[in-house]
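In: sequence-free structure coming up:
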């Protein structure tokens, strides 16, 4: 019996895919198809699959051409699969010609002609684009514009900003200081205005029927936060926090490992986020244009605390050193939490520097994420016996921003708010910011 194997993503299965499978099937008696996993596709730069893995597997199976399906999850798996299944022929589309010649050592490699004029990328491109507008002056907007270029089906069409002289590569990009003009042209907005304006801007966008991705905190009070989520629900709109760390594969995996007992019971979460790049302590800087340390860093630092230990802490203490208390600009803030059976602490600063690492302590071991942990593509599980230590590596492109955009676009398309950051966590973050602003549970240095 001649065994043939081929691989692909098979997103939005189309006639071209089917023709390729037919040609592969004709080469032998038994056809094995490797369908790439979502995580493996991310490592190859394919972050915008329309369909999840199980839907893609189901579509391949329903062609009736396949005898066996495997999931491709890592580099080097093709050699492992060829050996494991006793494969005689490796077949792949001719657009990969030469790429897999190294497999000739293990089986016969055949490059099959592809059906001209059709591809999953072209199918996605033909779908209606999601037009997104940006609201605010924060520097993050430039990164967002650049990362959106990597996401199929998304287009940045305008910016509402007071920076009228802003320069962009896209000459057709609308630049206005009137939010109503922007809202007329978009399906969704990314809110990156000053935090004290988030509630106002998000509410206006939601009432105009627009989906919203907002830099955290999405409001300055828990009451406002809950109101915004209620409006979004009533209007069947997507409202999501834009904390890019939450969308990285490495971060998602380390939270899962911590919550499923890989290091035993979690006793402590210690999270540090600091940066001096904003220059808030520089002489003569206009503090009215700056985000304080709490708004700039606390949502990120709080994320692993609330996602691992939950939002129902018994007690918290906020210790702050202000740079300018009247302007509500903190140079450094530390928050300590007490939970039933565990503790947590975060340190955030824009005018002080510390090692930006994340340490999750358990009864059997600990998870260590080196600085800057919020951009991590690597972390370690460490144990008393170092021989048991495990290292995890994941590709991270665009600091997680492009994955965040993909998640936002998919949520809008499906109208399913499968949030990486739950409403409860979002609301808990807002409550911490609210208490800081109201000087509740706070010690001033």
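Out: Arrived safely. What you see is a predicted model; the values in this text were computed from it and never measured.

In: tell me, how many neighbours does the residue lying closest to residue 288 once chain neighbours are set aside end up with?
Out: Of all residues not flanking residue 288 in the chain, residue 327 sits nearest, at 7.1 Å (C-beta to C-beta, 6 or more residues apart in numbering). Using the backbone N, CA and C atoms, a C-beta is placed for each residue, glycine as well. By other C-beta atoms under 10 Å, 13 other residues sit near residue 327.

In: now do the one 10 residues further on
Out: As a burial measure, residue 337 scores 21 neighbours (other C-beta under 10 Å).

In: Test my guess that it contacts residue 312.
Out: No - Residue 337 is beyond contact range of residue 312, at 10.4 Å (criterion: C-beta atoms under 8 Å).

In: looking at this, the residue nearest to residue 288 is in a helix?
Out: No - in this structure, residue 327 is coil, not part of a helix, as judged by DSSP: H, G, I helix; E, B strand; the rest coil.

In: Tell me the pLDDT of it.
Out: What the model reports for residue 327 is a pLDDT of 91.

In: any idea how far it is from residue 343?
Out: 32 Å (C-beta to C-beta, to the nearest Å).

In: next helix or strand past the one helix or strand in the chain whose mean pLDDT sits lowest?
Out: Least confident helix or strand of the chain, by mean pLDDT, DSSP states H and E, is helix 120-126 with a mean of 50. Counting by DSSP states H and E, the next helix or strand C-terminal to helix 120-126 is strand 130-135.

In: mind showing which ranges of the stretch 1-150 of the chain have poor pLDDT?
Out: Scanning the stretch 1-150 of the chain for pLDDT under 70 picks out 40-50, 115-128.

In: again, 50 this time
Out: For the stretch 1-150 of the chain, the stretches flagged by pLDDT under 50 are 120, 123.

In: about what we covered before: residues bridging contact with residue 337 and residue 312, i.e. touching both?
Out: Between them, residue 337 and residue 312 share no contacting residue under C-beta atoms under 8 Å, 6 or more residues apart in numbering.

In: tell me the domain ranges of the protein?
Out: 3-122, 128-242, 245-444 (automatic domain parsing).

In: Give me the distance from the last one to the chain's centre.
Out: Pointing back at domain 245-444 there. Mean C-alpha position of domain 245-444 versus that of the full chain (C-alpha atoms, centre = their mean, to the nearest Å) differs by 14 Å.

In: Can you give me the end-to-end span of that domain?
Out: With C-alpha to C-alpha, to the nearest Å applied, domain 245-444 spans 29 Å between its terminal residues.

In: Now stretch 352-359: average pLDDT?
Out: 96.

In: Pull out the buried positions in that stretch.
Out: By neighbour count on 16 or more other C-beta atoms under 10 Å, the buried set for stretch 352-359 is 352, 356, 357, 358, 359.

In: In JSON lines: those, plus secondary structure and distance to residue 261.
Out: Formatted as JSON lines, the buried residues of stretch 352-359 follow (DSSP: H, G, I helix; E, B strand; the rest coil; distance: C-beta to C-beta, whole Å):
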{"residue": "352", "secondary structure": "coil", "distance to residue 261": "35"}
{"residue": "356", "secondary structure": "coil", "distance to residue 261": "27"}
{"residue": "357", "secondary structure": "coil", "distance to residue 261": "22"}
{"residue": "358", "secondary structure": "strand", "distance to residue 261": "18"}
{"residue": "359", "secondary structure": "strand", "distance to residue 261": "17"}
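
In: wait, which of those residues is closest to residue 211?
Out: Nearest to residue 211 among the buried residues of stretch 352-359: residue 358, at 30.5 Å, using C-beta to C-beta.

In: what packs against the top helix by length along the chain?
Out: Ordering each helix of the chain by length in residues (DSSP state H) puts helix 293-309 first. Counting contacts by 3 or more C-beta pairs under 8 Å, 6 or more residues apart in numbering; DSSP states H and E, helix 293-309 packs against helix 249-259, strand 266-274, strand 329-339, strand 342-349, strand 358-362, helix 423-437.

In: mean confidence score for it?
Out: Averaging pLDDT along helix 293-309 yields 97.

In: Neighbours of the closest residue to residue 312 other than its chain neighbours, how many?
Out: Once flanking residues are discounted, residue 312 sits nearest to residue 339: 7.6 Å by C-beta to C-beta, 6+ apart. For residue 339, the number of neighbouring residues by other C-beta under 10 Å comes to 19.

In: and residue 339, bridged to which residues?
Out: Here residue 339 sits in beta bridges with residue 342, as judged by DSSP bridges.

In: list the contacts for it?
Out: So residue 339 contacts 309, 310, 312, 313, 314 (C-beta under 8 Å, 6+ apart).

In: give the contact list for the nearest residue to residue 445 once chain neighbours are set aside.
Out: Of all residues beyond its chain neighbours, the one nearest residue 445 is residue 321 (4.2 Å), with distances taken as C-beta to C-beta, 6+ apart. By C-beta under 8 Å, 6+ apart, the contact set of residue 321 is 330, 331, 332, 333, 352, 444, 445.

In: List the buried residues in the helix or strand that contains residue 321.
Out: Here residue 321 sits within strand 315-324, counting by DSSP H and E. By neighbour count on 16+ other C-beta under 10 Å, the buried set for strand 315-324 is 316, 318, 319, 320, 321, 322, 323.

In: Looking at these, spot the one nearest residue 421.
Out: So of the buried residues of strand 315-324, ranked by how close each gets to residue 421 (C-beta to C-beta), first place is residue 316, at 19.5 Å.

In: Would you agree that closest one is in contact with residue 337?
Out: Yes - assessed by C-beta under 8 Å, residue 316 is found in contact with residue 337 at 5.1 Å.

In: between the helices and strands packed on helix 293-309, which gets nearest to residue 56?
Out: Among the helices and strands packed on helix 293-309, the nearest to residue 56 by C-beta to C-beta is helix 249-259 (18.2 Å).

In: Can you give me the distance of the closest residue to residue 374 other than its chain neighbours to residue 66?
Out: Nearest residue to residue 374, sequence neighbours excluded (C-beta to C-beta, 6+ apart): residue 245, at 4.5 Å. Taking C-beta to C-beta as the measure, residue 245 falls 38 Å from residue 66.

In: Kindly list the main-chain dihedrals of the most centrally placed residue in the chain?
Out: The residue lying closest to the centre of the chain (C-alpha atoms, centre = their mean) is residue 247, at 1.9 Å. Main-chain dihedrals, residue 247, degrees, to the nearest 10: phi -100, psi 0.

In: List the residues that contact it.
Out: Going by C-beta under 8 Å, 6+ apart, residue 247 touches 400, 401, 403, 404, 407, 420.

In: Now, those residues that are in strands?
Out: Among the contacts of residue 247, no member is found in strands (DSSP state E).

In: Now tabulate these in CSV and tack on distance to residue 139.
Out: CSV is the format used below for those (distance: C-beta to C-beta, whole Å):
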residue, distance to residue 139
400, 17
401, 13
403, 20
404, 17
407, 22
420, 23
